[in-house]
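J.: A predicted structure for the sequence below; I have some questions about it.
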Amino acid sequence: MTDFDALQMVSLIGWLAVAVAAYASFRFDWKKSARMALVWIAIFVGVAFLFSLIGGSR
């Protein structure tokens, strides 16, 4: 791991902490948020799978 890789990791963790803190400041329901995140993940995985089927048939 180079110094640049370490710097990228530290900055990524910092931005993640800022994003989580900003999200928590809105006081959303965590259960509903987790369910919506899983729905969006399922949508993206489904679309990626569909594209892989279409692209793999050629």
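T.: Nice, I can see it. Residues are numbered from 1 along each chain as shown.

J.: quick one: neighbours of Phe49, just the number.
T.: Residues contacting Phe49 under the criterion other Cβ atoms under 10 Å number 10. Bear in mind the C-beta positions are built from the backbone N, C-alpha and C, glycine included.

J.: which element is it on?
T.: According to DSSP states H and E, Phe49 maps onto helix 30-56.

J.: average pLDDT across that helix?
T.: Average pLDDT, helix 30-56: 91.

J.: remind me what it packs against, helices and strands.
T.: With contacts defined as 3 or more Cβ pairs under 8 Å, 6 or more residues apart in numbering; DSSP states H and E, there are no secondary structure elements packing on helix 30-56.

J.: centre of the chain to that helix, how far?
T.: Offset of helix 30-56 from its chain centre (Cα atoms, centre = their mean, to the nearest Å): 11 Å.

J.: buried ones in that helix?
T.: For helix 30-56, the buried set under the neighbour-count rule, 16 or more other Cβ atoms under 10 Å, is empty.

J.: for stretch 7-24, same thing?
T.: Residues of stretch 7-24 classed as buried: none (neighbour count, 16+ other Cβ under 10 Å).

J.: on the three-state scheme, Arg27 is what?
T.: With DSSP: H, G, I helix; E, B strand; the rest coil as the basis, the three-state label of Arg27 is coil.

J.: what sits up against stretch 10-27?
T.: Stretch 10-27 is contacted from outside by Ser33, using Cβ atoms under 8 Å, 6 or more residues apart in numbering.

J.: what helix or strand does Leu12 sit in?
T.: In this structure, Leu12 is located in helix 3-25 according to DSSP H and E.
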